[in-house]
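[1] With the input below, show me the fold.
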Amino acid sequence: LTVSPANLDELSAKIALCKQLKDDRAVIQGRFDPMREVYDTLVKFEVVVNEGEAAQLASLDDQFDEFKQMLGTADRMLDKAKVVMKRELEGQVDAHGEAMDDLRTMAQGELPFGKPGAKMPSPAEAFALVQAYQAKVVKARERETELAYGLAIFGIERQEHEALAAVSKDLGLLEQIWTITQEWEEHWDRWQGLPFNALDTEEMENTAGKYTKAVGKLGREIKRWRVWGAMKKNLDDFREITPLIMDLRNKALRPRHWESLKDRVGQVCGLCCYYFILSLFFSLVVAIFAISTRRKGSHWEAFLLNNP
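    Sure thing, here's the model as predicted:
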């Protein structure tokens with residue numbers, strides 16, 4: 001107990017032991033008289049007592065006084081050690097706080113929020129960045145746990161650093177918006193290669209509606225992020241042309257209408273044509289929107305009015 005602790009683990013253990021021994025002083029001293037009575041009984045019955053034991057018994061009070069003095073010395077030494085180690089711990093906490101501020105600054109510049117004017121990363125590239133920062137957050141929280149152990153010794157409440165909490169929150173939101181982006185791209189990749197007459201417009205509309213709702217909910221937190229705006233625009237654009245898909249599947253469509261559309265967009269098209277896939281349809285949309293903007297009513301009605 002009288003040796004200065006080398007680290008917080010030793011400090012904690014020595015403080016606990018010193019407190020326990022101080023609390024047990026009365027219990028320890030209370031064992032002396034029963035022990036003396038045992039030896040007095042042995043002497044009474046002329047039992048020979050070992051000289052060493054007799055000497056130890058005679059010195060109990062002196063040794064106990066030395067023990068109490070040692071506890072007092074250890075207590076004062078531990079108080080000094082606590083001051084030194086608390087100062088060191090506070091320095092480590094401050095250094096950790098600065099590191100978290102730096103992490104936040106780096107995250108703002110590197111995470112895939114979608115910088116204005118910069119190329120938007122692919123979902124795979126975005127997830128790689130998010131995962132790299134998630135690993136940094138895990139390491140930072142492990143460090144906070146280590147510091148919290150020392151803070152507890154000094155009765156200081158542990159608190160997560162604000163910058164670390166902000167990075168962690170951003171990572172969670174980024175994971176959500178990029179998951180939506182990736183899943184939407186997978187749906188689109190599957191749909192765009194399908195022949196026009198094989199499209200399940202109800203499934204497409206339901207899927208777009210589900211993601212639109214999810215993106216709208218995320219907008220409460222990340223409306224300022226370009227990646228959110230890009231995903232919302234993709235969904236809005238898709239839902240804008242969904243009525244056109246349904247219109248072009250109308251039974252009122254005649255071969256002359258398809259011929260007119262083919263002339264406008266320079267593509268082979270037709271409801272039963274295998275080559276007219278959804279990706280080609282978006283070229284067709286440009287022509288139809290050019291017509292529909294000149295007349296009121298549905299996109300299909302506008303086209304029929306201009307192509308009787």
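[2] Look at E185 and say how many residues are nearby.
    14 (other C-beta atoms under 10 Å). The C-beta positions use only the backbone N, C-alpha and C, and glycine is treated the same way.
[3] Three-state assignment for it, please.
    Secondary structure, DSSP: H, G, I helix; E, B strand; the rest coil: E185 is helix.
[4] do the same with F113
    The assignment at F113 comes out as coil when based on three-state DSSP.
[5] Show the pLDDT at it.
    Per-residue confidence (pLDDT) for F113: 97.
[6] do you know how far it is from M106?
    13 Å (C-beta to C-beta, to the nearest Å).
[7] the more surrounded of these two?
    Neighbour totals were compared for F113 and M106, and F113 leads with 20 against 13 (other C-beta under 10 Å).
[8] If you drop the residues flanking it in sequence, what lies closest to the more buried one?
    For F113, ignoring the flanking residues on the chain, the nearest one in space by C-beta to C-beta, 6 or more residues apart in numbering is W225 at 4.7 Å.
[9] phi, psi of that neighbour?
    Taking degrees, to the nearest 10, you get phi -80, psi 140 for the backbone angles of W225.
[10] Then R224?
    R224 adopts backbone torsions of phi -80, psi -10, taken as degrees, to the nearest 10.
[11] Tell me which residue is most central in this structure.
    Using C-alpha atoms, centre = their mean, the residue of the chain that lies closest to the mean C-alpha position is S168, 4.2 Å off.
[12] residues near V83, how many?
    Residues near V83, counting by other C-beta under 10 Å, number 11.
[13] Next, the contact list for it, please.
    Going by C-beta atoms under 8 Å, 6 or more residues apart in numbering, V83 touches no other residue.
[14] Also L218?
    So L218 contacts 173, 176-177, 180, 228 (C-beta under 8 Å, 6+ apart).
[15] Can you add distance to F67 and give the residues you listed back as CSV?
    Converted to CSV, these look like this (distance: C-beta to C-beta, whole Å):
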residue, distance to F67
L173, 60
Q176, 63
I177, 66
I180, 69
W228, 69
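[16] Just the element for R190, please.
    Taking DSSP states H and E as the definition, R190 sits inside helix 162-192.
[17] Name the residues of that helix that are buried.
    Buried residues in helix 162-192, defined by neighbour count with 16 or more other C-beta atoms under 10 Å: 163-164, 167-168, 170-171, 173-174, 176-178, 180-181, 184, 187-188, 191.
[18] and if you look at stretch 33-45?
    Buried, per 16+ other C-beta under 10 Å, within stretch 33-45: nothing.
[19] Please list the outside residues in contact with that stretch.
    Under C-beta under 8 Å, 6+ apart, the answer for stretch 33-45 is 49, 53-54, 57, 60.
[20] ditto for stretch 9-25
    1, 5, 68, 71, 74-75, 78, 81-82, 85, 153.
[21] change it to 10 Å
    If you take C-beta atoms under 10 Å, 6 or more residues apart in numbering as the criterion, stretch 9-25 is touched by 1-5, 28, 30, 64, 67-68, 70-72, 74-75, 77-79, 81-82, 84-86, 149-150, 152-154.
[22] Check stretch 174-185 too.
    Taking C-beta under 10 Å, 6+ apart as the rule, stretch 174-185 contacts 107, 111-114, 120-127, 129-131, 133-134, 207-208, 210-212, 214-215, 217-219, 221-222, 225, 227-228, 230-232, 234-235, 238.
[23] again, only using 6 Å
    For stretch 174-185, the external contacting residues (C-beta atoms under 6 Å, 6 or more residues apart in numbering) are 123, 126, 130, 211, 214, 218, 227-228, 231.
[24] Could you work out the most separated pair of those residues?
    Pairwise distances among the contacts of stretch 174-185 were taken by C-beta to C-beta; the largest, 19.1 Å, belongs to V130 and Y211.
[25] Identify the residues contacting E160.
    Under the criterion of C-beta under 6 Å, 6+ apart, E160 has no neighbours.
[26] As a check, name the ranges of all helices in this protein.
    8-23, 25-29, 32-44, 51-58, 60-110, 123-153, 162-192, 201-222, 226-248, 255-265, 278-292, 299-306 (DSSP state H).
[27] Mind pulling the model confidence for K68?
    So, for K68, pLDDT stands at 93.
[28] Next, count neighbours for the residue nearest to F113.
    20.
[29] Alright, calling it a day.
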